[in-house]
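Chemist: Here's my sequence, what's the structure:
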Amino acid sequence: MRTGNRRIAAGVTVAAAAATLVVGAAVQAASPSFTPVQNAQPRVTGISVPNALPPELADVVIAQGANVLENPDGTVTNYGYYNDGTFVPTPGGLTEATKSEPDKNTYLVMRGLRGADPEYDYGTHFLFQGHEGGPAGYVTRVNLDADYAHRVTLLGKTGPSFTDGSTWYPFSRHLLVTGEAEDANGGVWQLSPNPGGPVEKIAGLGFGGYEGIQAAKDGALWLAQDIGGTKGTVNAHARQPNSFVYRFIPKNRHDLTAGGKLQVLQVSRHGSPIVFHAGQADADITSADTLALRTGDSFPTRWVTIHDTATDGTAAFNANQLAKDHGGTPFKRPENVAFRPDGKFREFYFTETGDTDLRSEAGAAGGAFGGIFHLSQKRSSDDRGRIELFYRADAEHGGLDNIGFLTKRTVVAVQDFGDTAHGQTGTFDSAYAFDTKGHAPNPQRLIGEGRDASATIDSQFLANGVAGFQNDGDNEITGFHVSNGDPGVHGLLGAKAPKPFHDGWRVFWTQQHGDNTTFEIVPASKRGHSRVR
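Modeler: Take a look at the predicted model:
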């Protein structure tokens, strides 16, 4: 990637394919410009490295793993750890507490929210997370206006499930969280933004590796599923496309527990659906359909109903298997989703993580390194549309995970390549910005993630094959989130063009694993005057 020290000014596109990394592009003429981070941070055995941001920006810690919950329950006592050991190994020891891995962030500005202390004023600014590691998924609320003792509140648990994605559903005024477990422990739950309320599983969505979730203005939920496929025999470092994109149309958007229709996205080529072939991993990995879908050509799509609670009832079901049975089109781990923020909810982007192994025989042409897909429809509620690959990742920019819009035209996708790929590239993950109006999107580095000391220790344990070690290694970028916190329908992600650092718009991200730190990104000039206390 050729970036040098070019600066990207507000409202100005540098070269036809360059991404504009701007604050309030085309809105705030005097907004500061950003200098893209030139290189990814190097990975050296046993060495921790700080995160790199553009000189115009700075990170402020708003919560980290060691933060004590104001209402611990015995198993869960801290923001990023379970209560089963010390946070770092004791001298001469090789064990440590299980790390909870806070994932997607959801920011809301609300009045009257309660906490464990009935006499305390918790303020109006809150950040919510699902936690995906350990013996039980749980949900936290970071009280951004609160003091240390009241900083983090436990909202509830989702049972033995990874809790990954989160979003606010304004129609019923619930926080929604997804569970990535591939068995019946997975699914989608709703809960109150206050502690002590019920954590209810939404039966109409079944189970099966859900991660990214967003609501459209008509109340429909759009979801991505992350289930890794079978490795090939010939293609021993590549995996069969095995995950799907879904849409849930509720019977009553004010009560998601009333059921509805779950649909899977089906893509066609030459008049025939692109489908999963059971027991044919090698064939699917290198098929003409797999390659064609990643050329950038446009293909017709339609939504196919795979489950309707009105006729199929509310018993648990495997969404992944039903998607295969009904001719859904499989992708290589589509993890997270975002609507273009123009208020129309008819353009939808989702990331594909790929194989996260540079040895993958699929190569970039076969989606080995993932990318970003763009789905468009005339109306959000339409059953038919078209899809194309917006960005095909290479070995440097692969493993894309969280995605969100920074401005009306600039989308940010972050990497989750993992220790294997980090060792192959010799670098850590990055967050990249893309100009969605460009015809040849050129990723511009917004964050060059490093590795904190705790993750450095964990990475060593994994590399040395420490028996029974349960935590992940290198840090991961997750939870990239841009929002003004509006809890109404007009505050849905996709309803308004973001204006970071202006008019209440804020930017958050989480450095998962290691110390499990969640940051707010602020202008460097404002770092010493952060609203965070």
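Chemist: okay, CA-based contacts and neighbour counts for the rest of this
Modeler: Fine.
Chemist: tell me, what residue is most central in the chain?
Modeler: The centroid of the chain falls nearest to N402 when counting by CA atoms, centre = their mean (3.2 Å).
Chemist: mean confidence for the helix or strand hosting that residue?
Modeler: Using DSSP states H and E, N402 falls within strand 400-405. For strand 400-405, the mean pLDDT works out to 96.
Chemist: List of residues touching it?
Modeler: Under the criterion CA atoms under 8 Å, 6 or more residues apart in numbering, residues 104, 334-338, 340-341, 350-354, 370-372, 411-417, 478-482, 498 lie in contact with strand 400-405.
Chemist: Run me through the strand neighbours of that strand, direction for each.
Modeler: The strands beside strand 400-405 in its sheet (DSSP bridges) come out as strand 410-415 (antiparallel).
Chemist: After the partner strand, which helix or strand is next? Please name it.
Modeler: helix 418-425.
Chemist: now stretch 159-179: how far from the chain's centre is it?
Modeler: 13 Å (CA atoms, centre = their mean, to the nearest Å).
Chemist: switch to numbering from 8
Modeler: Okay, using 8 as the starting number, the last item reads as stretch 166-186.
Chemist: In that stretch, which residues are buried?
Modeler: For stretch 166-186, the buried set under the neighbour-count rule, 16 or more other CA atoms under 10 Å, comprises 167-178, 180-186.
Chemist: any idea of the pLDDT on D110?
Modeler: 94.
Chemist: my bad, should have said F135
Modeler: 98.
Chemist: which residues of the stretch 308-457 of the chain fall in strands?
Modeler: Using DSSP state E, counting those that start in this stretch, the strands of the stretch 308-457 of the chain run over 344-346, 354-359, 378-383, 391-399, 407-412, 417-422, 437-442, 451-455.
Chemist: Quick one: closest of those to S250.
Modeler: Of all the strands of the stretch 308-457 of the chain, strand 354-359 sits nearest to S250, with 9.7 Å by CA to CA.
Chemist: Could you list every helix and strand in contact with that closest one?
Modeler: Contacts defined by 3 or more CA pairs under 8 Å, 6 or more residues apart in numbering; DSSP states H and E place strand 354-359 against strand 344-346, strand 378-383, strand 407-412.
Chemist: Tell me how far it lies from the chain's centre.
Modeler: 11 Å.
Chemist: Between strand 417-422 and it, find me the angle.
Modeler: Angle of strand 354-359 versus strand 417-422, following axes from the mean of the first three to the mean of the last three CA atoms, to 10 degrees, is 20 degrees.
Chemist: What strands flank strand 354-359, and is each parallel or antiparallel?
Modeler: Neighbouring strands of strand 354-359 in its sheet, by DSSP bridges, are strand 344-346 (antiparallel), strand 378-383 (antiparallel).
Chemist: Including distance to D401, mean neighbour count and mean pLDDT, could those go into JSON lines?
Modeler: Listed next are the strands paired with strand 354-359 as JSON lines, based on distance: least, CA to CA, whole Å; neighbours: other CA atoms under 10 Å; pLDDT from 0 to 100:
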{"stretch": "strand 344-346", "distance to D401": "20", "mean neighbour count": "26", "mean pLDDT": "98"}
{"stretch": "strand 378-383", "distance to D401": "8", "mean neighbour count": "22", "mean pLDDT": "98"}
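Chemist: quick one: which of these is nearest P142?
Modeler: Ranking these by proximity to P142 (CA to CA) places strand 344-346 first, at 26.7 Å.
Chemist: Measure how far that closest one is from the centre of its chain, please.
Modeler: 10 Å.
Chemist: same deal with stretch 69-88?
Modeler: 22 Å.
Chemist: ok, residues contacting it?
Modeler: Stretch 69-88 has contacts (CA under 8 Å, 6+ apart) with 89-91, 94, 104-109, 123, 138, 147, 149, 151, 156-161, 522-527, 539.
Chemist: what does stretch 385-396 give?
Modeler: Residues outside stretch 385-396 that contact it (CA under 8 Å, 6+ apart): 223, 225, 274, 300-311, 351-354, 378-384.
Chemist: cool, stretch 198-212 as well?
Modeler: Residues from elsewhere that reach stretch 198-212 (CA under 8 Å, 6+ apart): 120-123, 148, 160-165, 180-183, 194-197, 255, 263-264, 266-269, 314-316, 321-323, 326.
Chemist: can you rerun that using 7 Å?
Modeler: Residues outside stretch 198-212 that contact it (CA atoms under 7 Å, 6 or more residues apart in numbering): 120-122, 161-163, 165, 181-183, 194-197, 263-264, 266-267, 269, 316, 321, 323.
Chemist: What about A290? Give its phi and psi, please.
Modeler: phi -60, psi -40 (degrees, to the nearest 10).
Chemist: And the pLDDT for it?
Modeler: 97.
Chemist: Looking at this protein, which residue reaches furthest from the middle?
Modeler: Largest centre distance within the chain, by CA atoms, centre = their mean: G99, 36.5 Å.
Chemist: tell me the average confidence for stretch 309-317?
Modeler: Here the average pLDDT along stretch 309-317 is 98.
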